[in-house]
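K.L.:
give me coordinates for this.
(one chain, ligands or ions: 1)
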Amino acid sequence: MNYKNLKEEDKQVYEIIEKEKIRRYNTLEMIPSENHTSPAVLEALSSILNDKYAEGYPKKRYYGGNEHIDEIEELCQKRARDLFGVPYVNVQGYSGSPANHAVYMATVNPGDKVMGMDLMSGGHLTHGWKVNFSGKYYDSVFYGVDEDTHLIDYEKVREIAQREKPKLILCGATAYPRVIDFKKFAEIADEVGAYLCADISHISGLVVSGAHLSPIPYVDVVTTTTHKTLRGPRGALIMVTDKGLKKDKKLGEKINKAVFPGLQGGPHEHTIAGIAVCLKKAAEPQFSDYGKQIVKNCKVLSEELIALGFNLVSGGTDNHLIVVDLRNKGISGSNAQSILEKSNIIVNKNTVPFDTASPFNPSGIRLGTPALTTRNMKEEEMKIVASLISLALEGEDVKNKVTSLCEKFPLWN
Ligand code: DSN
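P.N.:
This next block holds a predicted model:
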């Protein structure tokens, strides 16, 4: 994108974007929830579809002039249904949190019991955390990981579910480096008669690549953001499975009503166009290679970090992310994040399971390979990246080495 008009009309904004472009180009982006979107997605995002109000759904809008908006939204829905193999999808969610909120509104009532993974173990705020709508308006209880293995203990999950009898169970995580067994969650949810929602925001790109098990055959509802491993715009999909529709044939309609008029107004149709573009890409064989390469890269990175003396939560990874427990290195998560940032390596501080430090200054960092893999980096580069992380945390300035590595793997925009 050349930003010709922006440069002329608003130099200040243009220059900030240019600085960000340079920062991004010269850094190793390792926050596992981030990625680099393609120029085609960005073009759709900046399109004139931004201008249209389209409250409602295709063919049932509250505003006129929506014939092409209907086309784009229907195309996006079709691509999502085909890619994930689901009978129903809503593509209007502004992002992951409102998408999860819509699932609560469609499946349970305020005050009902819901169960999700606790934040310390890698869950998300919207899975019942007390300061979030999900913990304020619903009676939330939590499952976590085992203290020794850092793995989800499914028997414990079953025990808690049978004791608490939640009406909705959420599975899926933001900082869990291992495979999630959706089938086991489904057995537990069925035993207690709960709805089961899989939030696959982090792993949806891996799921469509065949690099992680799909929840679709097992759960009732699936939510995902579209900008993480799926590599699209900031948005969300809410999908109802055959199982979900069998449980409640109106579940799709209820989700629609929860999104609009329940939670949102006009859908962002330019974003929906961008999601359609990313879904087309995600259906191509190259995307499947991409998803598998993310995991291969992450495994090599984890092995190298272990060899360099780092303690990894659960002892490694099965997916796109790693959580490093830095307590044996005598450095906090916040310090590690800022030291690495000075060397152009971007990670985020993160709690580790059973962390005794505060969430604002936790004991770990979270890092991953989706964006590096988008730059075409492979296993050999992961070995270099691991050693650069180690050297930086030992106090060496590795910024020049990082920027030369970045130059060899240019970004596509
Ligand atoms: N903020 C996202 C993440 O970083 O994992 C979750 O919403």
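
K.L.:
can you give me the strands in the stretch 201-350 of the chain?
P.N.:
221-225, 236-240, 311-312, 321-325, 345-346, 348-350 (DSSP state E, counting those that start in this stretch).

K.L.:
these into a markdown table, with extra columns for mean neighbour count and mean pLDDT?
P.N.:
To be clear about C-beta, it is placed using only N, CA and C from the backbone, and glycine gets the same treatment. As requested, these are exported to a markdown table (neighbours: other Cβ atoms under 10 Å; pLDDT from 0 to 100):
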| stretch | mean neighbour count | mean pLDDT |
| --- | --- | --- |
| strand 221-225 | 29 | 98 |
| strand 236-240 | 28 | 98 |
| strand 311-312 | 18 | 98 |
| strand 321-325 | 26 | 98 |
| strand 345-346 | 20 | 98 |
| strand 348-350 | 23 | 98 |
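
K.L.:
using a markdown table, lay out those strands together with distance to Asp112.
P.N.:
Putting the strands of the stretch 201-350 of the chain into a markdown table (distance: least, Cβ to Cβ, whole Å) gives the following:
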| stretch | distance to Asp112 |
| --- | --- |
| strand 221-225 | 15 |
| strand 236-240 | 19 |
| strand 311-312 | 37 |
| strand 321-325 | 31 |
| strand 345-346 | 39 |
| strand 348-350 | 30 |
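
K.L.:
make CSV from the ones you listed and add distance to the ligand to it.
P.N.:
As requested, the strands of the stretch 201-350 of the chain are exported to CSV (distance: least, Cβ to the nearest ligand atom, whole Å):
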stretch, distance to the ligand
strand 221-225, 7
strand 236-240, 11
strand 311-312, 18
strand 321-325, 9
strand 345-346, 12
strand 348-350, 7
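
K.L.:
of all those, which lies closest to Leu6?
P.N.:
strand 345-346 (25.2 Å; Cβ to Cβ).

K.L.:
show me what that closest one is packed up against.
P.N.:
Other elements packing on strand 345-346 under the criterion 3 or more Cβ pairs under 8 Å, 6 or more residues apart in numbering; DSSP states H and E are strand 28-29, helix 379-393.

K.L.:
just name the most buried of the ones you listed.
P.N.:
Highest mean neighbour count among these (mean count of other Cβ atoms under 10 Å): strand 28-29, with a mean of 24.

K.L.:
contact partners of that one?
P.N.:
Contacts of strand 28-29 with the rest of the structure, by Cβ atoms under 8 Å, 6 or more residues apart in numbering, involve 35-36, 344-346, 371-372, 385, 388, 402, 405-406.

K.L.:
and it, average pLDDT?
P.N.:
For strand 28-29, the per-residue pLDDT values average out at 98.

K.L.:
list the buried residues in the helix or strand that it is followed by.
P.N.:
Downstream of strand 28-29, the next assigned helix or strand under DSSP states H and E is helix 39-45. Buried positions in helix 39-45, judged by neighbour count with 16 or more other Cβ atoms under 10 Å: 41-42, 44-45.

K.L.:
one more: stretch 203-220?
P.N.:
203-209, 211-216, 218-220.

K.L.:
ok, of those, which one's closest to the ligand?
P.N.:
Ile203 (11.1 Å; Cβ to the nearest ligand atom).

K.L.:
look up phi and psi at the closest one.
P.N.:
Reported as degrees, to the nearest 10, the phi and psi values for Ile203 are phi -110, psi 10.

K.L.:
pretty sure it sits against Asn319.
P.N.:
Yes. Using Cβ atoms under 8 Å, Ile203 is in contact with Asn319, at 6.0 Å.

K.L.:
can you pull the residues that touch both of the two?
P.N.:
By Cβ under 8 Å, 6+ apart, the residues touching both Ile203 and Asn319 are His212.

K.L.:
residue of the stretch 51-200 of the chain nearest the ligand, please.
P.N.:
Closest contact between the stretch 51-200 of the chain and the ligand, by Cβ to the nearest ligand atom, is at Thr174 (3.6 Å).

K.L.:
which of the buried residues of stretch 203-220 fall within helices?
P.N.:
Judged by DSSP state H, helices contain the following of those: 204-209.

K.L.:
got CSV for those, with pLDDT and distance to Leu170 too?
P.N.:
What follows is those, written out as CSV (pLDDT from 0 to 100; distance: Cβ to Cβ, whole Å):
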residue, pLDDT, distance to Leu170
Ser204, 98, 15
Gly205, 98, 20
Leu206, 98, 19
Val207, 98, 16
Val208, 98, 21
Ser209, 98, 23
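
K.L.:
count the neighbours of Val352 for me.
P.N.:
A count of nearby residues for Val352, using other Cβ atoms under 10 Å, gives 26.

K.L.:
my bad, Asn132
P.N.:
19.

K.L.:
list the contacts of it.
P.N.:
97, 125-126.

K.L.:
over to Met120?
P.N.:
Counting by Cβ under 8 Å, 6+ apart, Met120 has contacts 144, 351-355.

K.L.:
quick one, which of those are buried?
P.N.:
144, 351-353, 355.

K.L.:
go through these and name the one nearest the ligand.
P.N.:
Distances from the ligand to the buried ones among the contacts of Met120, taken by Cβ to the nearest ligand atom, are shortest for Thr351, at 12.4 Å.

K.L.:
can you put the helices and strands packed on strand 345-346 in JSON lines and add distance to Leu83?
P.N.:
Formatted as JSON lines, the helices and strands packed on strand 345-346 follow (distance: least, Cβ to Cβ, whole Å):
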{"stretch": "strand 28-29", "distance to Leu83": "25"}
{"stretch": "helix 379-393", "distance to Leu83": "28"}
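
K.L.:
turn those into JSON lines, columns for distance to the ligand.
P.N.:
Below are these laid out as JSON lines (distance: least, Cβ to the nearest ligand atom, whole Å):
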{"stretch": "strand 28-29", "distance to the ligand": "12"}
{"stretch": "helix 379-393", "distance to the ligand": "19"}
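
K.L.:
out of these, flag the one nearest His268.
P.N.:
Closest to His268 of these, according to Cβ to Cβ: strand 28-29, at 24.2 Å.

K.L.:
ends of stretch 367-379, what's the gap?
P.N.:
End-to-end distance of stretch 367-379 (Cα to Cα, to the nearest Å): 16 Å.

K.L.:
cool, thanks, talk later.
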